[in-house]
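J.: Structure of the sequence below:
(2 chains)
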Amino acid sequence: MEQERAVLEVKDLTVAYRIGERWLEAIRDINLSIFCGQIYGLVGESGSGKTTLAMSILNYLGQNGRILKGSIVFDGEEISQYPKEKMRSFWGSKIALVPQNPLSSLNPTLTVGEQVQEVLRLHLKMPEAAARKRVVELFEQVRLAEPQRVARSYPHQISGGMQQRVMIAMALAASPRLLLLDEPTTSLDVTTQASILDLIKELIQGQDMAVLYVTHNLGVVVELCHRVAVLYAGELVEDAPLEEIFRQPLHPYTFGLLKSVPKLGQNKKEQVLSSIPGQIPALAQRGSGCIFQSRCPIALDICAERPPLESIDAKRSSRCFRWQELLRGEIPLEKLFEAEGEALQASIPVQQKSEAAALDAQGIIVEFESHASLFESLARRSSRKVKAVKDVSIRIEAGDTLGLVGESGSGKTSLARAISGLNEPEAGSIRIYGLSAAPKLSKRNRDVLRRLQMVFQNPEEALNPFMTVGESLRRQLFVLQGIRGEEAQRLAEEMVKAVQLPLDVLNRRPNQLSGGEKQRIAIARAFITNPDVVIADEPVSSLDVSVQATILNLINRLQGNFNNGLLFISHNLAIVGYLADQIAVIYLGALMQLCRAVDLFKPPYHPYTEALLSAVPSVELGKKAQTIRLEGELPSPTERIEGCPFHSRCPRKIGEICERQAPPWRVDESTQKRIYCHYTLEELTELQSPILDVGL
Amino acid sequence: MGFEVDVRHTSGSVDGQPPSTPTSTYIQLAGWTKVVLFIRALLSKPASALGLIIFVVFLFLALFGPFLAPYGVNEQIAADAGQPPSAKHWFGTDNLGRDVFSRVVLGAREILSLAGFGTAIAVLFGTTIGLASGYIGGWFDEILMRIFDGLLAMPLLLLALLLLGTLGPSKSSVLLVIIIVYTPIVSRVVRSVVLSVRQRGFIEAARLRGENLPYLLFREILPSVLPALAVEAALRFSYAIFLVASLGFLGVGVQPPSPDWGLMVREARNNVNQMPWAMYYPAAAIAVIVIGVNLLADGIKRVLLESK
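T.: Numbers count the residues shown, from 1 in each chain, chains lettered A, B, ... in the order given. All right, here's what the predicted structure looks like:
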């Protein structure tokens, strides 16, 4: 790696936005140097200013944004004061961007081939015929199957993963010196993400290029980056080579961030997740002291002043007054973060539960009709049906958590909604402690309704904006249990305490709460009537990493107190693995594997589980034993698939049998691990090696 | 002012703690403070302030017209017939010697109440149908919406004439016409908002606790619809005034000797060369109130958007 002169040098950069009458600083005194051949990871939560930084490097701030001070030197050229017209010759040719959402960045009225050609013609002055040929080459480079066909497609005709490949091809078309990747895999499924990351890594190698990779996902950083800068509330708090930052973070925020992400294979039985209390301060509330002070467990009086970004050695720096103590290992950060928000327990009594399973759902089938119009549905008696869930059976014991994992389109939400009654299933029986629940929600009586409650994905929409928190909680008690007046108020207060919020939130409306606070109230609402089963559909996926851990701990604790069965749905294997006792892996509406959480990470795996596990970017250093990548795209839901649903993408496909015959359930009697595959468990064990070392 | 204290108390703090969001939504504040803040916001821009003032003035005329009008509605002063505007007759008199100013003032009640009641009932029906149709969906929605499509496909005035032709001209017929013509429009607006709201978590949570349909529609969904509905209602009101006046002018609406502005224009039309004032003043009244209410509707929309 040659490192003579930095491709990009950012010095003391401060950028502000005008909000109302005031200029508020979104990023402050940022220093950053990226060298040729280097992949620089910029990590931060939402509101940390990471996108602002990327946009100011491009000199592409909005009307209300302004660089207040500092310089941006690109290849020895100071560009921070260049007007937009001058920057045009940089964009796309010398500095390229791969954005987060490819679909909104592609022009829907042009084929993707034409759009990449445009870059070639504009910046490289290529004639049209040559450009057309070059596009196909580029598409081959980014591993697009059938590059000719893709070039002729419009953006909406190709999948999200393919769109992102096109964006990468477009970014690389003019061989830029600096590549900015702004969360390029965030909107993608984990298996797609893995192959895109592989691609980026491979393409960048040997290129005469510097890369800034902006992300909130620490796992991705480990996979890809050489160096990491951690951004918090607009300030760089730590900057170090990858290995060092993961081995020994020298800023309490970095530490908290690393520890609040569940690692693959970590389980709630072993340890509580560390969590960072509080939330990132809003733009207007950033004082003059240390930016992390309000959430820091090791803050001192001195932290009322702003610490400088101190160089620890030639390679790393930290913006903490106490980095020396951290370096010497004198502060037990681990314990300090864990101690946060322990204790508090709900005093609502646990009811005695019978021996039957909390939830027993058998043979659930969910179908959606896809009819376009009134006339179509009139004309055609049997319209096209999409099977979202194909004969799935699950069982949850009292106090147990079943983690349901699958990628988007796997049918996990359809299954949850069918069990909850929000969508009526086509077939199947649902029993809660032996009590049968009607498939139709309107046919369920109050007792059944009380027994099954749900936590939704999006906290912003989970609460009625026109009701106070207290009204929402009391309404739940009144409608489901007939409790009203002082008793309802008392229970609501207790529940608010149990979700660790101050009592005055009862009088607030949702717009006065943060996303994490809203989700706590939504959880409180689901638990307040002490249901037998709670379904949590991706309850943390729209929350920031440091808030996620708090919510996961909270769900875990509440469930422990109430002893309910929990169906926890997520696309994130590490989170499911952490919170669940049992795990179900679902693909195209069919279960692929059922097992105990502790056995998930040990072979034998279902080939799909194996691919999923291998695709998860780990937040721990060290190589995974093997990499398995899925080829092709998820089949369309309207397609009829014979045999094993996974056969079209299975890396361990045996042959014709997989296409024609539905596989049997292979059951391990001792661990109750069940795998839906034509291979026997013994054969799978022999083929597979452990994906991560669980012994660690 | 008594309200001032309230305003500060409600928007400033909850139990001494500053709210997380500094700008609180008007809709979410309690009672009078909300109204005061809303009016203040309307008055802050000249256009909406003008609209509000015009509306209030006409409302005042409608309420207290009989006390303000110097002459009776059909009081004929034969000696003064066809007089131009003067100190005695501000807007002049018509060919029958009736005081135009008095008739314009007294006509406000008729046209505002007809348009107002008509709009109110259309909004009531339209909201209920829109909520139910959007939320229930399926066949119910399909059939209702196709019927409404049919109604909306006909030119508005033609439909009104057709209905009045069958029903015969009278005040209640005009009211019915307004309701029939505007219910589909209002329900479409409501329905479109419901479609965007009904999949939200709080609606699904309400379904999961087994709330009945009226509660879901009117307590859970309706508040989210109200902003759009307020704007639409104000707009419908201004068009309803227009419609009442048009029907009066065509002679199929309110019948003589009512002081309906449209009717007054119709009656004065024949003598427009001799006594233009008898036609211009009622016509101006129609124009001013329609423009005023339109400005007000725009103002309401602006304030609601700003408060988001």
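
J.: in what helix or strand does residue 169 lie?
T.: Picked chain A for this. Using DSSP states H and E, A:Ala169 maps to helix A:160-172.

J.: sorry, should have said chain B
T.: Assigned by DSSP H and E, B:Pro169 falls outside every helix and strand.

J.: on that earlier part again, next helix or strand past the helix holding A:Ala169?
T.: If you walk from helix A:160-172 toward the C-terminus, the next helix or strand you reach (DSSP H and E) is strand A:178-182.

J.: Which elements pack onto that next one?
T.: Contact partners of strand A:178-182 among helices and strands, from 3 or more C-beta pairs under 8 Å, 6 or more residues apart in numbering or on different chains; DSSP states H and E: helix A:50-57, strand A:95-98, strand A:210-215. Every C-beta, even on glycine, is put in place using the N, C-alpha and C of the backbone.

J.: How about the secondary structure of the residue lying closest to B:Ala115 once chain neighbours are set aside?
T.: Spatial nearest neighbour of B:Ala115, excluding adjacent residues (C-beta to C-beta, 6 or more residues apart in numbering or on different chains): B:Ala240 at 3.7 Å. Counting by DSSP: H, G, I helix; E, B strand; the rest coil, the backbone at B:Ala240 sits in helix.

J.: how about the residue of the stretch 301-450 of chain A found nearest chain B, what does it touch?
T.: Taking C-beta to the nearest C-beta, chain B has its nearest neighbour within the stretch 301-450 of chain A at A:Leu449, 4.5 Å off. By C-beta atoms under 8 Å, 6 or more residues apart in numbering or on different chains, the contact set of A:Leu449 is A:Leu480, B:Leu208, B:Arg209, B:Gly210.

J.: again with A:Met467
T.: A:Arg475, A:Arg509.

J.: which secondary structure elements does the helix or strand B:Gly118 falls within contact?
T.: Assigned by DSSP H and E, B:Gly118 falls within helix B:100-136. Helices and strands touching helix B:100-136, by 3+ C-beta pairs under 8 Å, 6+ apart, are helix B:46-68, helix B:138-153, helix B:171-197, helix B:222-250, helix B:261-268, helix B:277-307.

J.: any idea how far A:Ile675 lies from chain B?
T.: 34 Å (C-beta to the nearest C-beta, to the nearest Å).

J.: make that A:Pro465, sorry
T.: According to C-beta to the nearest C-beta, A:Pro465 stands 7 Å off from chain B.

J.: Quick check, that residue in contact with A:Leu513.
T.: No: applying C-beta atoms under 8 Å, one finds A:Pro465 not in contact with A:Leu513, separated by 10.6 Å.

J.: Same drill for these two, tell me which one is more crowded.
T.: A:Leu513 (21 against 16; other C-beta atoms under 10 Å in any protein chain shown).

J.: Now do the contacts for the residue of the stretch 51-200 of chain A found nearest chain B.
T.: In the stretch 51-200 of chain A, the residue that lies nearest chain B is A:Asn64 (17.0 Å; C-beta to the nearest C-beta). A:Asn64 is in contact with A:Tyr17, A:Arg18, A:Ile19, counting by C-beta under 8 Å, 6+ apart.

J.: Which ones among those residues lie within helices?
T.: Applying DSSP state H to those, no entry is found in helices.

J.: Near chain B, list only the ones from those residues.
T.: Subset of these in contact with chain B: empty, counting by C-beta under 8 Å from any C-beta of the partner chain.

J.: Which one of the residues you listed sits in the busiest neighbourhood?
T.: Comparing those on neighbour count, A:Tyr17 comes out first with 17 neighbours (neighbours: other C-beta under 10 Å).

J.: Would you mind naming the residues that bridge with it?
T.: A:Leu24, A:Gly65 (DSSP bridges).

J.: I'd guessed it sits against A:Gly49; true?
T.: No: under the criterion of C-beta under 8 Å, A:Tyr17 makes no contact with A:Gly49, lying 10.0 Å away.

J.: quick one: common contacting residues for the two?
T.: With contacts taken as C-beta under 8 Å, 6+ apart, A:Tyr17 and A:Gly49 have A:Ala26 as neighbours in common.

J.: Format the CA atom coordinates belonging to the strand or helix carrying A:Glu118 as CSV.
T.: A:Glu118 belongs to helix A:112-124 when assigned by DSSP H and E. Provided in CSV are the C-alpha atoms of helix A:112-124 (Å, rounded to 0.1, in the frame of the first residue of the first chain):
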residue,chain,number,x,y,z
VAL,A,112,-29.8,1.6,-16.6
GLY,A,113,-27.4,1.0,-19.5
GLU,A,114,-28.1,4.5,-20.9
GLN,A,115,-27.5,6.0,-17.5
VAL,A,116,-24.1,4.4,-17.2
GLN,A,117,-23.2,5.4,-20.8
GLU,A,118,-24.0,9.0,-19.9
VAL,A,119,-21.1,9.0,-17.4
LEU,A,120,-18.7,7.5,-19.9
ARG,A,121,-19.7,10.0,-22.6
LEU,A,122,-19.7,13.0,-20.4
HIS,A,123,-16.5,12.4,-18.4
LEU,A,124,-14.4,10.2,-20.8
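
J.: quick one: buried residues of that helix?
T.: A:Val112, A:Gly113, A:Glu114, A:Gln115, A:Val116, A:Gln117, A:Glu118, A:Val119, A:Leu120, A:Leu122, A:His123 (16 or more other C-beta atoms under 10 Å in any protein chain shown).

J.: between those residues, which is closest to A:Ala662?
T.: Nearest to A:Ala662 among those is A:Val112, at 37.5 Å by C-beta to C-beta.

J.: which ones are touching the closest residue to B:Ala283 other than its chain neighbours?
T.: Spatial nearest neighbour of B:Ala283, excluding adjacent residues (C-beta to C-beta, 6+ apart): B:Val265 at 5.2 Å. For B:Val265, the contacting residues are B:Ala245, B:Gly248, B:Phe249, B:Met279, B:Pro282, B:Ala283, B:Ile286, by C-beta under 8 Å, 6+ apart.

J.: swap in A:Ile528?
T.: A:Leu473, A:Gln476, A:Leu477, A:Leu491, A:Ala492, A:Met495.

J.: likewise B:Ala234?
T.: B:Val293, B:Leu296, B:Ala297, B:Ile300.

J.: Please report how far A:His678 lies from A:Arg640.
T.: In this structure, A:His678 and A:Arg640 are 19 Å apart, going by C-beta to C-beta, to the nearest Å.

J.: Now the helix holding B:Gly118: buried residues?
T.: Result for helix B:100-136 [16+ other C-beta under 10 Å]: buried residues B:100-112, B:114-116, B:118-123, B:125-135.

J.: Show the low-confidence segments of the chain, by residue range.
T.: Because you didn't say which chain, this covers chain A. Chain A contains residues with pLDDT under 70 at A:1-4, A:338-355, A:370-384, A:619, A:621-626, A:692-696.

J.: wait, I meant chain B there
T.: Judged by pLDDT under 70, the stretches of chain B that qualify are B:1-31, B:308.

J.: Residue 205: neighbour count?
T.: With no chain named, the answer covers chain A. Neighbour tally, A:Gln205, other C-beta under 10 Å: 10.

J.: sorry, should have said chain B
T.: Neighbour tally, B:Ala205, other C-beta under 10 Å: 26.

J.: Isn't it up against A:Met454?
T.: Yes: assessed by C-beta under 8 Å, B:Ala205 is found in contact with A:Met454 at 7.1 Å.

J.: Pull up the residues of the stretch 351-500 of chain A that are close to chain B.
T.: Residues of the stretch 351-500 of chain A lying near chain B (C-beta under 8 Å from any C-beta): A:374, A:420-422, A:441, A:444-446, A:449-450, A:452-454, A:456-459, A:461-466, A:472, A:475-476, A:479-480.
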